[in-house]
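> what follows is a predicted structure for the sequence shown.
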Amino acid sequence: MRPLTRLYAFKMYRQKLIYIFFACFFTASFFYAFLISTPQMEEMLNIDIGMVGRENFPEFMMRFYVGTVGILFQVFLLTLFICEEDRNKMLCQPLLHGESRSRMMQAKICVAVSMAVLFVLLTALINYTTAFMRWGDAVFEPAALRRTAAKYLLSGVYMSVVTLGITALCVCTRSTWKTICFAVIYLLLDSLICDSSIPFLQKIWVGYYTNLYLFTYEYQQIPLRAAGWGISVMALYGLLFYRTSLCRTQNMAF
């Protein structure tokens, strides 16, 4: 599968959208790090710079990527990667070289999941770089660095599961617009469930634990029990999405 995986990785990382997005993200993070320090912005946003700045800035900025922006970015990128190839009949091509549909989809999933983890790490690099340019060595305070690193790693798990879910949507709907619509519905539903008062529903919801890590335990260490249970729930969703993608691909009628 390695040659096929390399082929799909090459095709994925040729997308100019990736570089435009992260250039914009770096620019936004850079200016935001400086603007939130001004009295006018502090008053306008109703924030305490002592809480969201310095060593807390990388954790504070993580919400913008993991919560909404990153998921929508993944949706647009993966629909180009899967739905558009399906529409152009390019998903049939590996079959001409002796590759099965399952192996083809496994290669795509491998690239997509590794991309999700890489993008979370790149987001961390951007946030720490811009924070260092604004506050210097204060952003590398050991306790805050360990706490934030753990949250980025857990967010990487979540974004990988979301990527598997988007892939399953692409394969099942075989439509760019349907996939985007379902992703928007997911974001709205995620917000409603995370803000609800139904503990059972929250505990079995894939997006609840990232919300828990970033908001309930904001600027605090995540208890091991909460982290372990959250990873277990996300892993089950990831396995379900993975199997759905493979089964649906195998049964596709091109």
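Noted; the coordinates are in hand. Numbers count the residues shown, from 1 in each chain.
> what's the burial count for Gly67?
Close neighbours of Gly67, defined as other Cβ atoms under 10 Å, add up to 18. C-beta here means a position set from N, CA and C on the backbone, and glycine is covered the same way.
> how far away is the closest residue to it other than its chain neighbours from Pro58?
Spatially, and ignoring its direct neighbours in sequence, Gly67 is nearest to Leu214 (7.3 Å; Cβ to Cβ, 6 or more residues apart in numbering). According to Cβ to Cβ, to the nearest Å, Leu214 and Pro58 sit 12 Å apart.
> give me the more crowded residue out of those two.
Applying other Cβ under 10 Å to Leu214 and Pro58 shows that Pro58 carries more neighbours, namely 28 against 20.
> does that one belong to a helix, a strand or coil?
Secondary structure, DSSP: H, G, I helix; E, B strand; the rest coil: Pro58 is helix.
> how about the contacts made by it?
Each residue near Pro58 by Cβ atoms under 8 Å, 6 or more residues apart in numbering is listed here: Ala124, Asn127, Tyr128, Ala131, Val139, Thr148.
> with Phe132 instead?
Counting by Cβ under 8 Å, 6+ apart, Phe132 touches Val139, Phe140.
> element containing it, please.
When secondary structure is defined by DSSP states H and E, Phe132 falls within helix 101-135.
> got the buried residues for that helix?
Neighbour-count burial for helix 101-135, counted by 16 or more other Cβ atoms under 10 Å, picks out 101, 103-113, 115-117, 119-120, 123-124, 126-132, 134-135.
> cool, and stretch 3-18?
So stretch 3-18, judged by 16+ other Cβ under 10 Å, has buried residues Leu4, Thr5, Tyr8, Ala9, Met12, Ile18.
> burial count for Thr210?
With other Cβ under 10 Å as criterion, Thr210 counts 25.
> and the host helix or strand of it, what does it pack onto?
Element membership of Thr210 [criterion: DSSP H and E] is helix 208-211. In this structure, helix 208-211 makes packing contacts with helix 142-173, helix 176-194, helix 224-250, judged by 3 or more Cβ pairs under 8 Å, 6 or more residues apart in numbering; DSSP states H and E.
> can you add mean neighbour count, distance to Val69 and mean pLDDT and give these back as JSON lines?
Formatted as JSON lines, the helices and strands packed on helix 208-211 follow (neighbours: other Cβ atoms under 10 Å; distance: least, Cβ to Cβ, whole Å; pLDDT from 0 to 100):
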{"stretch": "helix 142-173", "mean neighbour count": "21", "distance to Val69": "11", "mean pLDDT": "92"}
{"stretch": "helix 176-194", "mean neighbour count": "16", "distance to Val69": "11", "mean pLDDT": "89"}
{"stretch": "helix 224-250", "mean neighbour count": "16", "distance to Val69": "20", "mean pLDDT": "90"}
